[in-house]
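Visitor: pasting the sequence and the predicted model now:
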Amino acid sequence: MKRDDDERARIERDARLHLRASLTAALAGRDGGGHLRGASPTPVITRALLEIDLWLRDALVDPAGCLRIVILRRLEGLPDLLEAGLGQPAATVAVWLERLLALPGAMTDLVRETDMTWGQRFAERPRFERDGQQPEPDDEYTIAGVTRLLTDLHRRAAAAS
């Protein structure tokens, strides 16, 4: 019996000498991995953007998908709005669109960014609108067209939230 206790103590001593435990490892070991218990391992911002992306795929008419990409990119820069609207993608989009539609010149910048995204995605020159000129007939993203799309999207988002 004494011999078993001595052997067990020796093994434990050897293990402790070779174990370089950090505070994090000690806490994780003590807690048994319960740090994520009941929580999602996906960050809040990522979850909010995924929810919004799914909602936009149903609510936004955007065959090329470039406007949706730009909307998500812009929303990604607003973590407070995303965190506040987690689980409510339509409400989050409605708040963002209210802000966007109220800013003069914001639509021109959004359409320009969307045109650049379109050009990169399809390896073509972007079709930027020029002041005083009619947009090209095959331009998918004109200021007037995107304004109509986003006004309709805002109406849908407000009704769904």
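Guide: Looks like it came in fine.
Visitor: got the domain boundaries for this structure?
Guide: According to automatic domain parsing, the chain is divided into the following domains: 2-36, 44-160.
Visitor: now Pro126, what's its secondary structure?
Guide: When classified by DSSP: H, G, I helix; E, B strand; the rest coil, Pro126 comes out as coil.
Visitor: give the contact list for it.
Guide: Shown here is Pro126, whose contacts under the criterion C-beta atoms under 8 Å, 6 or more residues apart in numbering are 115-116, 118-119. Glycine gets a C-beta too; all of them are placed from N, C-alpha and C.
Visitor: mean pLDDT for the domains of the chain - can I get that in JSON lines?
Guide: Below are the domains of the chain laid out as JSON lines (pLDDT from 0 to 100):
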{"stretch": "domain 2-36", "mean pLDDT": "60"}
{"stretch": "domain 44-160", "mean pLDDT": "94"}
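Visitor: which of the ones you listed is buried the deepest?
Guide: For the domains of the chain, average neighbour numbers computed from mean count of other C-beta atoms under 10 Å are highest in domain 44-160, which has a mean of 15.
Visitor: without its sequence neighbours, what residue ends up closest to Leu56?
Guide: In space, Leu56 comes closest to Arg68 once its chain neighbours are excluded; the distance is 4.9 Å by C-beta to C-beta, 6 or more residues apart in numbering.
Visitor: what about that neighbour, distance to Ile45?
Guide: Applying C-beta to C-beta, to the nearest Å, the value for Arg68 to Ile45 is 17 Å.
Visitor: same check on Cys66?
Guide: Taking C-beta to C-beta as the criterion, Cys66 is separated from Ile45 by 22 Å.
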